[in-house]
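Novice: Could you look at this predicted model? Sequence included:
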Amino acid sequence: MTAEVRAFFRHMADALQQGDIGALETMFGRPTVFVTDGEKEACLSAGAIRDKLSGFIHIAREHLGLSLHIELIQLMKLADDTYFAQLNWQWKNAKQEVIRQRVSSFTLHQQAGALSVVVCVVDKPQLVNSEKVAS
């Protein structure tokens, strides 16, 4: 399962960097609960999920010129077809120096062989070194 989860999140990172909201939207189940900065929001419809994901794409666009790298920190099976995953997202400059990073946690559900996010918890980003952005 680890390889499938890594591929799932690599696809998510690519979609974020490309601003492909359609690809992102297909990765989230209905409903999906988003937890950010102390706010919890249950998105019941595709439109509500799309609105939430638009904010994530906006953040990704702030990092144009940087490459997005992901590291799977933890993966646990919670129940049949349900998994918990924790990732470290890092934006790196051309010298592969980490500029900004954040940790996110996801509850994933697998149905008919396909993974989808049902809970997404996004921590505040950590600015590592703003002077290195242009490097």
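Specialist: Ah, there it is.

Novice: where's the residue nearest to residue 116 when sequence neighbours are not counted, which helix or strand?
Specialist: Sequence neighbours aside, residue 29 is the residue nearest to residue 116 in space, at 4.0 Å (criterion: CB to CB, 6 or more residues apart in numbering). Every C-beta, even on glycine, is put in place using the N, C-alpha and C of the backbone. Assigned by DSSP states H and E, residue 29 falls within strand 28-36.

Novice: Based on its surroundings, how many neighbours for residue 108?
Specialist: Residues lying near residue 108 (other CB atoms under 10 Å) number 24.

Novice: That one contacts residue 117, doesn't it?
Specialist: Yes: between residue 108 and residue 117 there is a contact under CB atoms under 8 Å: 6.0 Å.

Novice: can you pull the buried residues of the strand holding residue 29?
Specialist: 28-29, 32, 34, 36 (16 or more other CB atoms under 10 Å).

Novice: what do you get for stretch 42-53?
Specialist: Per 16+ other CB under 10 Å, stretch 42-53 contains these buried residues: 43, 48-49, 52-53.

Novice: tell me the contacts of the residue nearest to residue 49 when sequence neighbours are not counted?
Specialist: Excluding the flanking residues, the one nearest residue 49 by CB to CB, 6+ apart is residue 43, at 4.5 Å. By CB atoms under 8 Å, 6 or more residues apart in numbering, residue 43 lies in contact with 28, 30-34, 49, 51-52.

Novice: Between which two of the buried residues of strand 28-36 is the distance greatest?
Specialist: Using CB to CB, these span at most 17.7 Å, a distance reached by 29 and 36.

Novice: List the ones among the buried residues of stretch 42-53 that fall in helices.
Specialist: Mapping these onto helices (DSSP state H) picks out 48-49, 52-53.
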